[in-house]
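Undergrad: turn this into a structure:
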Amino acid sequence: MYHDEYTDLGAADAACTVAIICGNCGEYGHRTLDCSHPPQPRPGHVALPDAHELAAELSAQEGIDLATALPLARNHLAHLTTEPPAEPEPKPIPGPRPLPPIDPLPRFLLPSRLRYPRFEPRSGRHPIVADALLVEADAALMVNISDRERCGYCTGPHADADCPLRRRQFVGPVVCLNCGQAHSIQVCPEIQAALRKVEAYLDPEADLIRQEQLAAGREQLRMLLAERVEIDGVDIPF
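TA: A predicted model of the protein is given here:
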């Protein structure tokens, strides 16, 4: 067993007071209950002044005698506490928020047998449109729930291209808004020609082409003027 001078401290007898330490003043040789010193503040506690010291301060400040100030000081100390101020209770940590209630699936995600449990025949807006099966809640909106092909324009039992309400006799003749001819403005030849001119003008290679054309025109003009000089004998400076 390991042995040194500290091992025998716990086996000291009553005559040896080395191991007895006062918890009030921190000195060796006596217990805390037998301490002759005034109570000392413990760690974290507030030290209270002595009643006589407080009475002397009160007598000096207020100008009264010690006999009158001593009961006032003792009464004041009786209402004080040496306990540290209570810490405020920690705020509770908010737990997870409850999930919002799960809304039912949108109607367009449900099958038709669950989406439209009851059907009633309703008439369309146009006499050409055949009767469609509509649910009561959607009757005002004229929502078509038939599995057959329906027109997106009048909800009739035909394709969009075959809708009688969108034929030419209902729409009227097509007239160009630019030139007044019988074609749409998107294919107007005048607008197409103007667009081609703008594209040619904005083309970076168009400058080179125009310069070559101007050079060729100047050379042709020079040749014509030279022939005119030879024929008429007129001296034209170039």
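
Undergrad: what's the nearest residue to residue 21 once chain neighbours are set aside sitting at in phi/psi?
TA: Among residues not flanking residue 21 along the chain, residue 28 sits closest, at 5.6 Å (CB to CB, 6 or more residues apart in numbering). In short, each C-beta sits where N, CA and C put it, glycine included. Backbone torsions of residue 28, given as degrees, to the nearest 10, read phi -90, psi 150.

Undergrad: now do residue 21
TA: phi -120, psi 130.

Undergrad: mind checking how far it is from residue 29?
TA: According to CB to CB, to the nearest Å, residue 21 and residue 29 sit 9 Å apart.

Undergrad: now residue 61
TA: 40 Å.

Undergrad: confidence-wise, which helix or strand of the chain is lowest on average?
TA: strand 132-134 (a mean of 42; mean pLDDT, DSSP states H and E).

Undergrad: would you map out the domains in the chain?
TA: 117-171, 185-232 (automatic domain parsing).

Undergrad: sorry, back to before: can you get me a residue count around the residue nearest to residue 21?
TA: Neighbour count for residue 28, taken as other CB atoms under 10 Å: 10.

Undergrad: what of residue 150?
TA: Around residue 150 there are 19 residues (other CB under 10 Å).

Undergrad: so where is this protein shaky, pLDDT-wise?
TA: 1-19, 39-49, 79-85, 99-148, 153, 165-173, 199-207, 209, 224-238 (pLDDT under 70).

Undergrad: try 80 this time
TA: 1-54, 58, 66, 75-88, 92-178, 183-187, 195-238 (pLDDT under 80).

Undergrad: give me the buried positions along stretch 25-37.
TA: By 16 or more other CB atoms under 10 Å, the buried positions in stretch 25-37 come out as 30, 35.

Undergrad: ends of that stretch, how far apart?
TA: Using CA to CA, to the nearest Å, the end-to-end distance of stretch 25-37 comes to 7 Å.

Undergrad: quick check: residue 73 touching residue 58?
TA: Yes. Between residue 73 and residue 58 there is a contact at 5.8 Å, judged by CB atoms under 8 Å.
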